[in-house]
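In: with the sequence up front, the predicted model follows.
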Amino acid sequence: MEKPDQKLSWEEIRKRLLDEYPQLKEEDLIYEAGKEEALLERLRQKLGKTKEEINYWLHLMG
């Protein structure tokens, strides 16, 4: 178990998201530097959450 102040890598966050949200696929979680908005939009569409909600839990995870 990681320490509360330890940041997770994108790979660790991606694995958690795939485990927690089975409707997500590998291609939904492709991260490209400078294209964060595209990633957020894919997650918003797949999960039915707002960008703010997604930003919040991504911040909590990593």
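Out: Nice, I can see it. Numbering: from 1, shown residues only.

In: and the helix or strand harbouring Arg44, what does it pack onto?
Out: Using DSSP states H and E, Arg44 falls within helix 36-47. The contact analysis (3 or more C-beta pairs under 8 Å, 6 or more residues apart in numbering; DSSP states H and E) places helix 36-47 against helix 51-61. (Glycine included, C-beta is placed from N, CA and C.)

In: what's the average pLDDT for the helix it packs on?
Out: For helix 51-61, mean pLDDT is 86.

In: heads up, I number from 440, so please use that
Out: Okay, using 440 as the starting number, the last item reads as helix 490-500.

In: where does the chain dip in pLDDT?
Out: Low-confidence segments of the chain, defined by pLDDT under 70: 440-445, 501.

In: any idea which residue is closest to the centre of it?
Out: Leu497 (5.3 Å; C-alpha atoms, centre = their mean).

In: ok, the closest residue to it other than its chain neighbours - how many residues close by?
Out: What sits nearest to Leu497 in space, not counting adjacent residues and going by C-beta to C-beta, 6 or more residues apart in numbering, is Ile452, at 6.9 Å. Neighbours of Ile452 under the rule other C-beta atoms under 10 Å: 17.

In: again with Glu466
Out: Glu466, neighbours per other C-beta under 10 Å, totals 7.

In: could you do Ile469 as well?
Out: 12.

In: can you tell me how far it is from Arg453?
Out: Distance, Ile469 to Arg453, using C-beta to C-beta, to the nearest Å: 9 Å.
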